[in-house]
Every structure is written in C-alpha cells, then in structure tokens.
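1. Predicted structure and sequence below. I'll ask about it afterward.
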Amino acid sequence: MCYPAHLTPTKTYDVWYSFTTDQDGGDASVILTHASYPTSDYGFFNMIVQGFDGSCGDFQTLGCFEEMSNISGFDDSTITLNLFNLLPLETYYFRAYNSTFTGNYAPIDFTLNAVGTALDPIVAVDEEIASLPLSGMISKVYPSPAGSFVYVDFEAVGQQSMSVCIGDILGNRVLKNTMTSREGMNHATFNIDALPPGMYIVYLENNGARSEASRFIKQ
C-alpha cells in the first residue's frame, strides 16, 4: 500500500530522495532498478516508489507506483514512476520503501535515477555524433505520454535517405524507421506497444550524423 507522507512504515526500507527541476519544468521519470535479489524464506518482494511536492510537514502525493509483479518473484527488475507537468525550479521529493508483505528481508541493493524534460542535464545521444551537421530537424513528437503509437514530424532539406530513431534513456537505439524524405515537412509513425513504460528520446540519423533529440514518455 502507499502510505501518507507523515507515516513511516516499520519495514526494511523507507529511503527519501529529492531533485530540483530546471528553469523550464516539464515531465520526469523516477526509475528504481534492483541490483540484486533479497535473501529470505519467502518467494516474493514488493517495492514502492512514491513522489511528493510541498515541504516537510505539508507533503502532497503526486504519484505512487507499487510494483505488484515483484511479489511473484521479480518478474521485472525496475519500477518507473512518471511525474507530469512539474513546475520550474521546484524541489520534489520521492521515497522508496517495501510493503507490509515483505518486512523480513535481508538488505537488497537498488539504485534510483530521475530523467526527463524537467531535469538538466538530460540523457541524450552521443555528443560527438550529435554535433555533426544534419540536413533535417525534428519539429514535433506526440502524444506524450504515448500509448500504442507515437508520431514524429520532421523537416528535411531536399530528397535524401533519413532514419527516424527512438532510443532509451541511455541512448541505445530501440526502434528505427528509414525513409526517403522530401523537401519540407515529413511524418513518421511508430508502433511502441512492445516498449516498456518510461522516457525515450527521438532523433534523426543520416550519413553518420544525428540531430538534436526530442523526448516523449511511454505510458
């Protein structure tokens, strides 16, 4: 269960973190990754990530994600909490803790990272490649958050072979659509049903050069 901010569950974990948004604000994803499995007589483990705004003594819950699949033996090693429309230059807080089901575990290693348009710097494509010239630029990526499909509008100079790519938060390419562009505005559609929820980057690629990246969130 997701506890109110003023309650501290008597469990193995109740660890608090914070980040401050950049001057533009926007969206962010808080990602918990299990580095190892717990030592216990039980066959399940359940972690929760909860986000707040406000200040100490007056926290308001923005979102809470309870990874129920982990109860049945770590079906997924990550938990992603998506936070939307964060204000600029504001401090937000989040906590990681385990549920009432799993109070008897020995310590388990995990890491937490926050990425998104609300944070600076943003994980993006390789800087050396991104600095090379490219005869095209992304105009719009929508919707965000996205469900089964995401759409990319981009401008190109002349007719040329152009790849529209989607990468994960580490910059690894996960989808690619290569087409012959026309002068002016172009359009690409991606089916992203197979992608797990989280933050993704979109960029153009041509002759070894990459454009600046845009971003979207998959629900």
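-> Here it is on my side, so go on. Numbers count the residues shown, from 1 in each chain.
2. Can you name the residues that contact the nearest residue to Ser211 once chain neighbours are set aside?
-> With Cβ to Cβ, 6 or more residues apart in numbering as the measure, Leu204 is the residue that lies nearest to Ser211, at 4.0 Å, once sequence neighbours are left out. Bear in mind the C-beta positions are built from the backbone N, C-alpha and C, glycine included. The contact partners of Leu204, by Cβ atoms under 8 Å, 6 or more residues apart in numbering, come to 134, 136-138, 154, 162-165, 210-211.
3. Dig out what Met162 forms beta bridges with.
-> Bridge pairing for Met162 (DSSP bridges) gives the partners Met179.
4. what residues are up against it?
-> For Met162, the contact set (Cβ under 8 Å, 6+ apart) comprises 136, 154, 156, 178-181, 186, 204-206.
5. before we move on, the earlier item: partners of the residue nearest to Ser211 in the sheet?
-> Leu204 forms beta bridges with Val164, as assigned by DSSP bridges.
6. I'd like the distance between it and Ile192.
-> Separation of Leu204 from Ile192 (Cβ to Cβ, to the nearest Å): 18 Å.
7. quick one on the thing from earlier: how close does the residue nearest to Ser211 sit to Gly136?
-> Counting by Cβ to Cβ, the gap from Leu204 to Gly136 is 5 Å.
8. Show me whatever sits in contact with both of those two.
-> 154, 162, 211.
9. Thr33: what's it in contact with?
-> Contact analysis of Thr33 by Cβ under 8 Å, 6+ apart lists 77-78, 110-113.
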